[in-house]
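Trainee: my questions are about this predicted structure, shown below with the sequence.
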Amino acid sequence: QALIKIGTNAAYEALVTACRTTDDELKKHAISEIGKFGARDTVDFAIDGLDGDDADMRQKAAKGVLTNFTETNFDEGDEVRQQALEKISSEINTQPHKEFRDIITESDRVVEKRNAAWLLGQLENIDNETINTLLDALHSDDEYLRKIAAASIWNSDDDMLSRKIQQFLSQTDQETAAYDIA
(Lines give C-alpha, C1' and ligand atoms only; values in the text may rest on other atoms or scores of the structure.)
Protein backbone atom coordinates (compact mmCIF):
# COMPACT_ATOMS: atom_id res chain seq x y z
CA GLN A 1 0.00 0.00 0.00
CA ALA A 2 2.90 2.32 0.70
CA LEU A 3 4.39 1.61 -2.71
CA ILE A 4 1.09 2.54 -4.36
CA LYS A 5 0.99 5.80 -2.40
CA ILE A 6 4.58 6.57 -3.42
CA GLY A 7 3.62 5.97 -7.05
CA THR A 8 7.07 6.28 -8.61
CA ASN A 9 8.64 4.02 -11.23
CA ALA A 10 10.85 2.51 -8.53
CA ALA A 11 7.79 1.80 -6.38
CA TYR A 12 6.11 0.14 -9.36
CA GLU A 13 9.17 -2.04 -9.99
CA ALA A 14 9.22 -3.06 -6.32
CA LEU A 15 5.56 -4.09 -6.57
CA VAL A 16 6.28 -6.04 -9.77
CA THR A 17 9.01 -7.87 -7.86
CA ALA A 18 6.52 -8.59 -5.08
CA CYS A 19 4.17 -10.13 -7.67
CA ARG A 20 6.90 -12.61 -8.54
CA THR A 21 8.00 -13.46 -5.01
CA THR A 22 7.80 -16.88 -3.41
CA ASP A 23 6.20 -15.32 -0.31
CA ASP A 24 2.59 -16.27 -1.04
CA GLU A 25 0.97 -13.70 1.27
CA LEU A 26 2.99 -10.82 -0.17
CA LYS A 27 2.37 -12.05 -3.70
CA LYS A 28 -1.41 -12.27 -3.15
CA HIS A 29 -1.60 -8.73 -1.83
CA ALA A 30 0.68 -7.32 -4.54
CA ILE A 31 -1.37 -8.95 -7.31
CA SER A 32 -4.63 -7.64 -5.89
CA GLU A 33 -3.29 -4.06 -5.71
CA ILE A 34 -0.92 -3.62 -8.66
CA GLY A 35 -3.74 -2.52 -10.96
CA LYS A 36 -3.75 0.83 -9.20
CA PHE A 37 -0.53 1.64 -11.05
CA GLY A 38 -2.16 1.45 -14.46
CA ALA A 39 -4.21 -1.29 -15.96
CA ARG A 40 -2.57 -1.84 -19.32
CA ASP A 41 0.79 -2.62 -17.75
CA THR A 42 -0.46 -4.67 -14.81
CA VAL A 43 -3.45 -6.74 -15.89
CA ASP A 44 -1.19 -9.65 -16.89
CA PHE A 45 0.09 -10.02 -13.32
CA ALA A 46 -3.43 -10.31 -11.96
CA ILE A 47 -4.50 -12.81 -14.61
CA ASP A 48 -1.43 -14.97 -13.98
CA GLY A 49 -2.64 -15.29 -10.39
CA LEU A 50 -5.90 -16.86 -11.61
CA ASP A 51 -4.02 -19.94 -12.79
CA GLY A 52 -3.25 -22.44 -10.09
CA ASP A 53 -4.61 -24.41 -7.17
CA ASP A 54 -4.38 -21.78 -4.40
CA ALA A 55 -7.99 -20.64 -3.90
CA ASP A 56 -6.98 -17.55 -1.91
CA MET A 57 -4.53 -16.51 -4.61
CA ARG A 58 -7.17 -16.99 -7.29
CA GLN A 59 -9.65 -14.83 -5.34
CA LYS A 60 -7.08 -12.06 -4.84
CA ALA A 61 -6.17 -12.27 -8.52
CA ALA A 62 -9.84 -11.95 -9.54
CA LYS A 63 -10.09 -8.81 -7.43
CA GLY A 64 -6.86 -7.64 -9.05
CA VAL A 65 -8.34 -8.07 -12.52
CA LEU A 66 -11.33 -5.99 -11.50
CA THR A 67 -9.05 -3.39 -9.93
CA ASN A 68 -7.41 -3.09 -13.32
CA PHE A 69 -10.83 -2.52 -14.90
CA THR A 70 -11.85 0.12 -12.37
CA GLU A 71 -8.51 1.94 -12.28
CA THR A 72 -8.13 2.29 -16.04
CA ASN A 73 -9.03 5.55 -17.68
CA PHE A 74 -12.04 5.63 -19.99
CA ASP A 75 -10.00 5.72 -23.22
CA GLU A 76 -8.07 2.55 -22.36
CA GLY A 77 -10.96 0.63 -20.75
CA ASP A 78 -12.00 -1.46 -23.73
CA GLU A 79 -8.42 -2.30 -24.64
CA VAL A 80 -7.66 -3.49 -21.09
CA ARG A 81 -10.81 -5.60 -20.95
CA GLN A 82 -10.03 -7.23 -24.31
CA GLN A 83 -6.43 -7.84 -23.23
CA ALA A 84 -7.71 -9.54 -20.08
CA LEU A 85 -10.22 -11.72 -21.94
CA GLU A 86 -7.64 -12.83 -24.49
CA LYS A 87 -5.15 -13.75 -21.80
CA ILE A 88 -7.77 -15.58 -19.73
CA SER A 89 -8.97 -17.61 -22.71
CA SER A 90 -5.52 -18.43 -24.07
CA GLU A 91 -3.23 -18.75 -21.04
CA ILE A 92 -5.31 -19.77 -18.03
CA ASN A 93 -5.78 -23.50 -17.57
CA THR A 94 -8.50 -23.21 -14.95
CA GLN A 95 -11.96 -21.66 -15.26
CA PRO A 96 -12.17 -18.52 -13.07
CA HIS A 97 -15.98 -18.51 -12.90
CA LYS A 98 -16.15 -19.21 -9.16
CA GLU A 99 -13.86 -16.35 -8.23
CA PHE A 100 -15.94 -13.81 -10.14
CA ARG A 101 -19.21 -15.32 -8.88
CA ASP A 102 -17.91 -14.86 -5.34
CA ILE A 103 -17.25 -11.20 -6.04
CA ILE A 104 -20.83 -10.71 -7.23
CA THR A 105 -22.24 -12.32 -4.10
CA GLU A 106 -19.75 -11.05 -1.50
CA SER A 107 -18.30 -7.69 -2.56
CA ASP A 108 -19.50 -4.47 -1.00
CA ARG A 109 -18.40 -2.51 -4.07
CA VAL A 110 -21.08 -2.21 -6.76
CA VAL A 111 -18.51 -1.41 -9.45
CA GLU A 112 -16.71 -4.71 -8.70
CA LYS A 113 -20.00 -6.60 -8.95
CA ARG A 114 -20.83 -4.96 -12.28
CA ASN A 115 -17.43 -5.74 -13.75
CA ALA A 116 -17.52 -9.32 -12.46
CA ALA A 117 -20.96 -9.84 -14.01
CA TRP A 118 -19.75 -8.43 -17.32
CA LEU A 119 -16.63 -10.59 -17.31
CA LEU A 120 -18.61 -13.75 -16.53
CA GLY A 121 -20.75 -13.09 -19.58
CA GLN A 122 -17.65 -12.91 -21.75
CA LEU A 123 -16.13 -16.19 -20.57
CA GLU A 124 -16.69 -19.45 -22.38
CA ASN A 125 -18.55 -22.38 -20.85
CA ILE A 126 -20.93 -20.52 -18.57
CA ASP A 127 -22.04 -23.12 -16.07
CA ASN A 128 -25.17 -23.69 -14.02
CA GLU A 129 -23.81 -21.95 -10.90
CA THR A 130 -22.78 -18.91 -12.92
CA ILE A 131 -26.25 -18.59 -14.41
CA ASN A 132 -27.75 -18.89 -10.93
CA THR A 133 -25.46 -16.14 -9.64
CA LEU A 134 -26.34 -13.88 -12.55
CA LEU A 135 -30.03 -14.59 -12.07
CA ASP A 136 -29.71 -13.74 -8.37
CA ALA A 137 -28.08 -10.45 -9.40
CA LEU A 138 -31.36 -9.55 -11.12
CA HIS A 139 -32.70 -8.93 -7.60
CA SER A 140 -30.02 -6.29 -6.93
CA ASP A 141 -30.99 -2.76 -6.00
CA ASP A 142 -28.48 -1.58 -8.61
CA GLU A 143 -30.22 -1.15 -11.96
CA TYR A 144 -26.97 -1.37 -13.94
CA LEU A 145 -25.93 -4.60 -12.25
CA ARG A 146 -29.33 -6.08 -13.13
CA LYS A 147 -28.91 -5.08 -16.78
CA ILE A 148 -25.32 -6.33 -17.02
CA ALA A 149 -26.25 -9.64 -15.37
CA ALA A 150 -29.18 -10.10 -17.76
CA ALA A 151 -27.00 -9.38 -20.77
CA SER A 152 -24.29 -11.74 -19.50
CA ILE A 153 -26.71 -14.63 -19.13
CA TRP A 154 -27.24 -14.74 -22.89
CA ASN A 155 -23.81 -16.29 -23.47
CA SER A 156 -24.92 -19.58 -21.98
CA ASP A 157 -26.30 -22.71 -23.61
CA ASP A 158 -29.76 -21.96 -25.05
CA ASP A 159 -31.53 -25.02 -23.61
CA MET A 160 -30.11 -24.51 -20.13
CA LEU A 161 -30.87 -20.78 -20.30
CA SER A 162 -34.47 -21.35 -21.32
CA ARG A 163 -35.04 -23.76 -18.42
CA LYS A 164 -33.36 -21.44 -15.94
CA ILE A 165 -35.32 -18.38 -17.06
CA GLN A 166 -38.62 -20.28 -16.84
CA GLN A 167 -37.73 -21.53 -13.37
CA PHE A 168 -36.66 -18.03 -12.28
CA LEU A 169 -39.88 -16.47 -13.57
CA SER A 170 -42.01 -19.04 -11.76
CA GLN A 171 -40.24 -18.25 -8.47
CA THR A 172 -40.14 -14.45 -8.77
CA ASP A 173 -42.82 -11.92 -7.91
CA GLN A 174 -44.24 -10.44 -11.12
CA GLU A 175 -44.22 -6.96 -9.63
CA THR A 176 -40.42 -6.76 -9.36
CA ALA A 177 -37.72 -5.33 -11.59
CA ALA A 178 -36.07 -8.75 -11.51
CA TYR A 179 -39.13 -10.33 -13.12
CA ASP A 180 -39.35 -7.58 -15.75
CA ILE A 181 -35.74 -7.88 -16.80
CA ALA A 182 -35.86 -11.70 -16.85
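Mentor: Received, thanks. Numbering: from 1, shown residues only.

Trainee: run through the protein and note the low-pLDDT ranges.
Mentor: Where the chain drops to pLDDT under 70, the residues are 38-41, 156-158.

Trainee: just want the most central residue of it.
Mentor: The chain has A116 as the residue nearest its centroid, 3.3 Å off, counting by CA atoms, centre = their mean.

Trainee: now it, what's its secondary structure?
Mentor: Look at A116: counting by DSSP: H, G, I helix; E, B strand; the rest coil, its state is helix.

Trainee: thought P96 was touching it, still the case?
Mentor: No: between A116 and P96 there is no contact under CB atoms under 8 Å: 10.1 Å. (Each C-beta comes from the backbone N, C-alpha and C, glycine too.)

Trainee: for these two, list the residues in contact with both.
Mentor: Here A116 and P96 have A62 as joint contacts, going by CB atoms under 8 Å, 6 or more residues apart in numbering.

Trainee: which residues touch N155?
Mentor: G121, Q122, L123, I126.

Trainee: hmm, 7 Å instead?
Mentor: By CB atoms under 7 Å, 6 or more residues apart in numbering, N155 lies in contact with G121, I126.

Trainee: and it, how close does it get to D180?
Mentor: Distance of N155 to D180, computed by CB to CB, to the nearest Å: 21 Å.

Trainee: and what of A55?
Mentor: Taking CB to CB, one finds A55 at 36 Å from D180.

Trainee: now do the contacts for the closest residue in space to G49 that isn't next to it in sequence.
Mentor: Nearest non-adjacent residue to G49, counting by CB to CB, 6 or more residues apart in numbering: A61, 2.9 Å away. By CB under 7 Å, 6+ apart, the contact set of A61 is I31, A46, G49, L50.

Trainee: now do the phi/psi pair for the second one.
Mentor: The phi and psi values for A46, taken as degrees, to the nearest 10, are phi -70, psi -40.

Trainee: and it, how far from T105?
Mentor: Distance from A46 to T105, by CB to CB: 20 Å.

Trainee: between the two, point out the one with more neighbours.
Mentor: Using other CB atoms under 10 Å, the more surrounded residue of A46 and T105 is A46, with 28 against 11.

Trainee: do a quick rundown of the helices in this protein.
Mentor: Remark: helices assigned in the chain by DSSP state H are 2-6, 9-19, 24-33, 39-48, 55-71, 74-91, 97-106, 110-122, 128-137, 143-153, 158-171, 177-181.

Trainee: name the residues of the longest one that come out as buried.
Mentor: Right, the one you point to is helix 74-91. Going by neighbour count (16 or more other CB atoms under 10 Å), the buried part of helix 74-91 is V80, R81, Q83, A84, K87, I88.

Trainee: quick one: buried residues of stretch 95-102?
Mentor: Buried residues in stretch 95-102, counted by 16+ other CB under 10 Å: P96, H97, K98, E99, F100, R101, D102.
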